[in-house]
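Enquirer: A predicted structure for the sequence below; I have some questions about it.
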Amino acid sequence: MRSGFVSLVGRPNVGKSTLLNVLVGRKVSIVSNKPQTTRVAVRGVLTRGDSQAIFVDTPGLHKAVSALGEKINATALGSTKDVDVTCLVIDATQPIGSGDEWVASHIDMARCVVVLNKSDRASREQMLAQLSRAAKFGAESYFPISAQTGEGVDALVAHLLELMPEGELLYPPEIVSETDDVTWVAELVREVLLDRTSEELPYSIATRAIRTDDGVIQCEIVVERDSQKGMVIGKGGSMLKAIRQAVKPQLPKGTKLELTVVVDKNWQQRTDRVERLGY
C-alpha cells in the first residue's frame, strides 16, 4: 500500500484549483478567473486501489501588499514543508518569469514535479519552449497537461501515485474532501461573488458560515466599506437572491441558507481581522 501528500503550488491563475478538482474527480475547491481565489490550503483525496494521494491546493504565490496577502503566501509556502511531493504548476501560455523562479527557489526541486498546465491553449512551439526553460529548475520530472480537457492528467496521476511512500491509507477510500459542509457553503457563496463582482470588490470580500441548532446555515459576507455593502446586497436584494439561486443546486437537499452582509473596515490590512476570518 502507498499513501502520501502532494502540494500544488505556483503563481496565481495557473489552474491549481481546476487541477485539484480533476485529480480527485469532484469539485472540492472553488474556481474563478480572479487571482487569489484560494486563500487557505484545501485538501482533496484520491484513492486508486491500494494507493492514495492527498492533494493540497494552495493560494497563488504573489507579491503581498496586505496582511491577507502575507498570510496566504505563508500558507502556500508552509504547505510544501511536510509533503512527499510538490507539484509546481506553470501556465504553458505565459513565459516562465521571475515569479515562477521565485517559487522554485523556495521548494525542494528534487522532490518536485513540474506540471505545465493549459496545454490545450498553447502551441507545440510554446510547449517545447516552456519545457526547455523549465528544465533549469532541475525537477524530478515534467508533465505537460490540460486540467481543462484532462489531457495528460492520467499519466500525471499514475506517476504521482508511484512516488507515494509505502504506508497505510490515511483516509477511508470513500473520502474525497475534508472540507466540512458549512465551510464549503461559505466558499461557494464567495465563488459566486467572485464571478459576479468586479474591480477591487472581489478581493474585499470574505465569507464565513455557521450552522444553527435548527440546521440553518447562516453565511456572513464581510466587506471593507459601506459602499460595498450595497453592491453585495443588490437593488432590492437582487444580488443575494442570485447567490442563493446559484448555490442551492450544490447544497445538500433541504439545506436552508441565510445570508447577511457586514462591514469590517479594511480587514485585509489588519492581521487580527484576517486571522479572525480564518485565513
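Expert: Everything's here; your move. Numbering: from 1, shown residues only.

Enquirer: mind listing the strands for the stretch 1-150 of the chain?
Expert: According to DSSP state E, counting those that start in this stretch, the stretch 1-150 of the chain carries its strands in the segments 2-9, 42-48, 51-57, 85-91, 112-117, 141-144.

Enquirer: Direction included, what does the last one pair up with?
Expert: Strands adjacent to strand 141-144 in the sheet, as given by DSSP bridges, are strand 112-117 (parallel).

Enquirer: Residues in contact with the strand it pairs with: which ones?
Expert: Outside strand 112-117, the residues that touch it by C-beta atoms under 8 Å, 6 or more residues apart in numbering are 8, 14-15, 19, 85-92, 104, 127, 130-131, 134, 137, 139-147, 156, 159-160, 163. Quick note: C-beta positions are derived from backbone N, CA and C, even for glycine.

Enquirer: Mind checking which of these are buried?
Expert: Buried members of the contacts of strand 112-117, scored by 16 or more other C-beta atoms under 10 Å, are 8, 14-15, 19, 85-92, 104, 127, 130-131, 134, 137, 139, 142-147, 156, 160, 163.

Enquirer: Now Thr183: which helix or strand?
Expert: Counting by DSSP states H and E, the element that carries Thr183 is helix 181-196.

Enquirer: which sections of the stretch 1-150 of the chain are below the confidence cut-off?
Expert: Counting by pLDDT under 70, the stretch 1-150 of the chain has low-confidence residues at 62-65.

Enquirer: Would you quantify the distance from Arg11 to Gly97?
Expert: Going from Arg11 to Gly97 by C-beta to C-beta, to the nearest Å gives 9 Å.

Enquirer: With Pro59 instead?
Expert: To Gly97, Pro59 is 19 Å away according to C-beta to C-beta.
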